[in-house]
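Student: Fold the stuff below for me.
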Amino acid sequence: MNVYVQATARQLARLGHQVEIFTADPQAPTSGSVVLAPGVRLHQLTVPAEDKDELAEVVAELAAEIAVHPALTEIDLVWAHYWISGAVALELRAQTPLAISFHTIAEVKDRDTGRQSEPAERVSAERAIAAAADILVANTSQEAADLQQLLGAAGERIVVAPPGVDHEIFTPGPMQLARRAVGEESADLLLLYVGRMQHVKGTDTAIDGFAALRRLDPVLAARTRLVMLGAASGHDADDAAFTERIGRAGLADQVEILPPVPAETLVQWYRAADVVLVPSRSESFGFAAAEAAAVGVPVVASAVGGLEYIVEAGVTGLLVAEDDPLTWARALEILLPDPALRARMGESAHRRAQRFDWHQCVAAVVAAAERRHP
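Tutor: Numbering: from 1, shown residues only. Prediction:
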């Protein structure tokens, strides 16, 4: 979501708009207001909160602080991101049009994961936001259908605006140079997982699928190394649990968990990889899959949500319809020993990824706003 907000803000500024971003992120490195780019200012709110759960408890306080902020006086459109921001926007609501990007929907996550883990407060808030917002921004047509079927949103208020990729950063490049850059020059076959480490992202599936590959094809598995870039996220995950899972599977010498890295380093990891794994149980889009495609790396991904939009099965990668570890191992057994197939898929993925364009994303939202409020 941070990538999305920053990219859309910069694109709006390039189109001549002034963008004011309000954040209550307790990890933000700034206080007060700071210029991020020409036409883009960031305002750090002072409501104390340790995480998003605590933010959900201070919606009224956040709205009150924004309401008296001088940057709010000339706002023509509020574009809220995630349900908490949407709830704050509803508290502020006057005559200013409201656009909402949920990024994830509670009822979709519960449906896709088979768990009712999202709080009832979020479910009811998302329905209220969907009923009140002037524009609902969907990443894909599948998300648009979910907005209508699960949240009761009116179809004429939904705009499908797929996110983009920074094509200046995420470009193909020599694998061996990239492997030297990230310290993986000795790797034979390299699998890469990128993103938050939690149940909904299928972190356990990535580990268990690799373990199943060792049972299915021990020679191939012995040639393979899995690097996981990310950190545990959410109440149902912690780094120690994943490290323990790796140890129990006997993979401690072949699987490494590393912290998240900036985009300029991340692109080197994509270039270094033979295959990128995206085993999410629920995914409204899937930036890791889109970025990998832009770099020209085949992706093995879950057949859910936005991943079905990003990955063309059998052409740019493989889609796996279940999180059974053996099924994932069989998918890896197709790609890992076949460099020619990986190369063809990578080339196709790069060509197809050119449609992930931030200008088109923002233009679709702006056009929808102008139609509703000319």
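Student: Low-confidence stretches in this protein?
Tutor: Within the chain, the stretches with pLDDT under 70 are 26-31, 232-238, 374.
Student: Please, where are all the strands along it?
Tutor: Here the chain has its strands, by DSSP state E, at 19-23, 32-37, 40-44, 78-81, 98-101, 135-138, 158-160, 189-194, 224-229, 255-258, 275-278, 299-302, 317-320.
Student: Please name every helix or strand in contact with the fifth one.
Tutor: Okay, so that is strand 98-101. When contacts are defined as 3 or more CB pairs under 8 Å, 6 or more residues apart in numbering; DSSP states H and E, strand 98-101 packs onto strand 78-81, helix 82-92, helix 120-132, strand 135-138, helix 358-372. Using the backbone N, CA and C atoms, a C-beta is placed for each residue, glycine as well.
Student: With distance to Lys109 and mean neighbour count added, can I get those in JSON lines?
Tutor: Formatted as JSON lines, the helices and strands packed on strand 98-101 follow (distance: least, CB to CB, whole Å; neighbours: other CB atoms under 10 Å):
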{"stretch": "strand 78-81", "distance to Lys109": "16", "mean neighbour count": "23"}
{"stretch": "helix 82-92", "distance to Lys109": "11", "mean neighbour count": "22"}
{"stretch": "helix 120-132", "distance to Lys109": "10", "mean neighbour count": "17"}
{"stretch": "strand 135-138", "distance to Lys109": "16", "mean neighbour count": "25"}
{"stretch": "helix 358-372", "distance to Lys109": "23", "mean neighbour count": "17"}
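Student: export the ones you listed to a markdown table and tack on distance to Arg342?
Tutor: Formatted as a markdown table, these follow (distance: least, CB to CB, whole Å):
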| stretch | distance to Arg342 |
| --- | --- |
| strand 78-81 | 35 |
| helix 82-92 | 36 |
| helix 120-132 | 40 |
| strand 135-138 | 32 |
| helix 358-372 | 28 |
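Student: For His69, find the nearest of these.
Tutor: helix 82-92 (10.3 Å; CB to CB).
Student: Between helix 120-132 and the closest one, find me the angle.
Tutor: If you take axes from the mean of the first three to the mean of the last three CA atoms, to 10 degrees, helix 82-92 sits at 60 degrees to helix 120-132.
Student: Please name every helix or strand in contact with helix 82-92.
Tutor: With contacts defined as 3+ CB pairs under 8 Å, 6+ apart, the packing partners of helix 82-92 are helix 52-55, helix 59-67, strand 78-81, strand 98-101, helix 120-132.
Student: one more time with 6 Å, if that's ok
Tutor: Judged by 3 or more CB pairs under 6 Å, 6 or more residues apart in numbering; DSSP states H and E, the packing partners of helix 82-92 are helix 59-67, strand 78-81, helix 120-132.
Student: List of residues touching it?
Tutor: Applying CB atoms under 6 Å, 6 or more residues apart in numbering, the contact partners of helix 82-92 are 55-56, 59, 62-63, 67, 78, 80, 98, 100, 103, 122, 125-126, 129, 132.
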